[in-house]
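Undergrad: sequence first, then the predicted structure, then my questions.
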Amino acid sequence: MTEDELLELAELRRRAYGPDADIAADPEARARLAELEAASHARHPGASPVPPGPDAAGPHDPGRPAPVEASVPEDPVPRRRRTRIVGAAVTAGFLLVVAAVLWPRPPAPVVAKPNPTITFAAVDVTCGSGWGSLAAGTLTPPRPAYVVWSPMWNAASAGEPTMLVTDHGEWLGQLTPVFVPGGVAAVVQVIDSQDARIVTFARSRSEGDSFTTSDYADTNAMVAAARRIVPLPPCPDSDTYPLLVIAPDKTCVQLEVTLAEGPVYRARVPVGADACAGR
């Protein structure tokens, strides 16, 4: 018999005599089993293809030892081959387990939900792009400890807010000039409202109590460029940057200012009349 026939015979015997025997419903498999058993018996005349049942031994004789079941000697070549196959499968499974432990699958990336009105491609604040140091000698910081500060921080009210009408709704905005002394780097961040944002302007100039800018084509672009964190770079000279704090409704926006040297302090910006009164 060939190596493949021996393997096929072993599989058919499992289907015929094993615990999950199912060959009774497969006539072709039964015929093939009989054919292979005959070939195996012709090669090994002393082999019994089927283990004898309990009734084939006749009446039980206590003095006679139990019969020893005959088995078909296996060809050593397929035995070695099956050993290699099983061993390879076990080794591969072990390597897979080790790989899963040593190199765990990275977590699935978190995909941000698209928002038609907010992105994070804001215009960068650069040295010399603000209004200059006009606020340094004419206004008093809301708190003496503030290094970076704005006259709008912690104000009880700021009058009527700026209205930004966009294709996705209306936004309220409060112009917030932020003074930064020379050589100081800081980060201004919105920390409470999930909707409030900060708009930056890289080329602005003051015109009395108003400002003009050529950074954005329209209010849609302005709102789309807003973000929650604005870095203020260290510059040789002091400057006053015109930040615009925006929100979809009247609110008191909480800001956190972090200096490169380490200090952190908070401030509030009223977006809407009397938004921070009593806070």
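TA: Cool, the structure landed.

Undergrad: so what's the nearest residue to residue 239 once chain neighbours are set aside up against?
TA: Leaving aside its chain neighbours, residue 239 sits nearest to residue 130 (4.0 Å; criterion: C-beta to C-beta, 6 or more residues apart in numbering). Every C-beta, even on glycine, is put in place using the N, C-alpha and C of the backbone. Residues in contact with residue 130 (C-beta atoms under 8 Å, 6 or more residues apart in numbering) are 204, 239-242.

Undergrad: let's see that with 7 Å instead.
TA: For residue 130, the contact set (C-beta atoms under 7 Å, 6 or more residues apart in numbering) comprises 239-242.

Undergrad: residue 254 - nearest residue in space that isn't next to it in sequence?
TA: In space, and not counting its chain neighbours, residue 254 is closest to residue 192: 4.0 Å by C-beta to C-beta, 6+ apart.

Undergrad: separation between the one you found and residue 32?
TA: Distance, residue 192 to residue 32, using C-beta to C-beta, to the nearest Å: 78 Å.

Undergrad: so these two - more neighbours on which side?
TA: More neighbours surround residue 32 than the other of residue 192 and residue 32, with 16 against 13 (other C-beta atoms under 10 Å).

Undergrad: next, the residue nearest to residue 254: secondary structure please.
TA: coil (DSSP: H, G, I helix; E, B strand; the rest coil).

Undergrad: that one reaches residue 252, doesn't it?
TA: No: applying C-beta atoms under 7 Å, one finds residue 192 not in contact with residue 252, separated by 8.6 Å.

Undergrad: which residue ranges form the strands in the stretch 101-250 of the chain?
TA: For the stretch 101-250 of the chain, strands defined by DSSP state E, counting those that start in this stretch occupy the ranges 162-166, 169-180, 186-190, 197-199, 204-207, 210-213, 229-232, 239-247.
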